[in-house]
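Trainee: next one to model:
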Amino acid sequence: MVKRFLSPANLIFLLLIATVLYVPARRIEGAGTHVLRLALTMEAFYVLVLVAVKDRRRVQTAGDVTAILYAALFAWDIATTRLNLLNPMLFPTPKAVMTLMGLDLGELSKGLVSSVRLLLAGYLAAVATAVPLALVIGWRGRLYRAVTPVTRVLGPIPPIVYIPYAIAILPTFTMSSMFIIFIGAFWPIFINTLNGVFTVDRRIVDSARALNVGEGTMLFKVILPAALPSVIAGANIGLVLSFILLTAAEMIGATSGLGWYVKYFSDFADYGRVIVGIIFIGFVVTAITFCVDRLEKWLLRWRG
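Mentor: The predicted structure follows:
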């Protein structure tokens, strides 16, 4: 247990605290208070992991991630607050960013609701369309051979090129955003599911046929579970693309959302709020991907 608490993360934490307390800040009142609070909060979570988690690898990973965060916060504080090495307009201090995040939390929450609503609508529509379609096509060899050349042409087209045209031809920004997210998520999910279905172990199919199962049972009770790892791989790629496309679309034509928040304040050279938006988007993406990872492990729990 003692070795756990003597990890690199805790050593960097102590260095950070010593710097905040004993290295004077230049022309900034109370600059260390915000950094100190953030560091103590992070340390509290890390200590909780040390005490509660028994898996050595998970503890090691948590320590490595925490050490990286501490190092980044330390470098940021030194460069902007203690030594004033960077342009304060382009590189605001941790205190400035944390203050702005507290002030704009309501606006960020509204943007989050707007962004997640668009993301879920487009992404879930892509999943609901791509998976059944790929199941049917991948199961039929002739259809698979006919459709594969089409996927090789349309699949690699960057979905971002559709954004200006979609905004121009569709009546609302909401519809155009949902369409772009749908296109971006559809192809990786469809292609991965298609390949997963086509490469299912023939012995599994032959065993199911020997039991005289129906077409629907074959597709959804035999083929789909066997192809599920490929489906989930495609869904993860589609989710990442959806985030990128959502933010890009909001930066081009939206009047709300997280991407709009970053673009709006960058137009006014308010780079403190730009960094706030970037950090907040990072938190959101981390939370969603964590939930998706939990879901993936549950769906594939049979793999051990």
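Trainee: going forward, measure contacts between C-alpha atoms and count neighbours the same way
Mentor: Will do.
Trainee: pLDDT weak spots in the stretch 1-150 of the chain?
Mentor: Flagging of the stretch 1-150 of the chain using pLDDT under 70 yields the residue ranges 1-6, 26-32.
Trainee: what about G238, neighbour count?
Mentor: By other CA atoms under 10 Å, 25 other residues sit near G238.
Trainee: and what of the one 5 residues further on?
Mentor: Other residues within reach of F243 by the criterion other CA under 10 Å amount to 21.
Trainee: same check, this time on N192
Mentor: A total of 24 residues lie near N192 under the criterion other CA under 10 Å.
Trainee: same question for the one 5 residues further on.
Mentor: For V197, the tally of surrounding residues (other CA under 10 Å) stands at 27.
Trainee: just the element for it, please.
Mentor: Applying DSSP states H and E as the criterion places V197 in helix 173-198.
Trainee: beyond that helix, next helix or strand please.
Mentor: Next in sequence after helix 173-198, counting helices and strands by DSSP H and E, comes helix 202-210.
Trainee: quick one: distance of the helix or strand that comes right after that next one to the chain centre.
Mentor: Sequence-wise, the next helix or strand downstream of helix 202-210 (DSSP H and E) is helix 215-217. Relative to its chain's centre, helix 215-217 lies at 35 Å (CA atoms, centre = their mean, to the nearest Å).
Trainee: what is the helix holding V197 packed up against?
Mentor: Packing partners of helix 173-198 (3 or more CA pairs under 8 Å, 6 or more residues apart in numbering; DSSP states H and E): helix 105-139, helix 141-154, helix 163-169, helix 224-253.
Trainee: out of those helices, which one sits most buried?
Mentor: Each of the helices and strands packed on helix 173-198 was assessed for mean neighbour count using mean count of other CA atoms under 10 Å. The highest is helix 224-253, with a mean of 21.
Trainee: next, the angle helix 173-198 makes with that helix.
Mentor: With axes from the mean of the first three to the mean of the last three CA atoms, to 10 degrees applied, the angle from helix 224-253 to helix 173-198 works out at 150 degrees.
Trainee: elements contacting helix 224-253?
Mentor: helix 105-139, helix 173-198, helix 258-267.
Trainee: of those, which is nearest I275?
Mentor: Closest to I275 of the helices and strands packed on helix 224-253 is helix 258-267 (CA to CA; 8.0 Å).
Trainee: what average pLDDT does the next helix or strand after that closest one get?
Mentor: Next helix or strand after helix 258-267 toward the C-terminus (DSSP H and E): helix 271-299. Throughout helix 271-299, pLDDT has a mean value of 89.
Trainee: which parts of helix 271-299 are buried?
Mentor: 271-277, 280-281, 292, 296 (16 or more other CA atoms under 10 Å).
Trainee: my guess is I180 contacts I163. True?
Mentor: Yes: using CA atoms under 8 Å, I180 makes contact with I163 at a distance of 6.5 Å.
Trainee: tell me the domain ranges of the protein?
Mentor: What automatic domain parsing lists as the domains of the chain is 2-96, 105-303.
Trainee: kindly reformat the helices and strands packed on helix 173-198 as JSON lines containing distance to T19.
Mentor: Below are those laid out as JSON lines (distance: least, CA to CA, whole Å):
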{"stretch": "helix 105-139", "distance to T19": "29"}
{"stretch": "helix 141-154", "distance to T19": "54"}
{"stretch": "helix 163-169", "distance to T19": "47"}
{"stretch": "helix 224-253", "distance to T19": "37"}
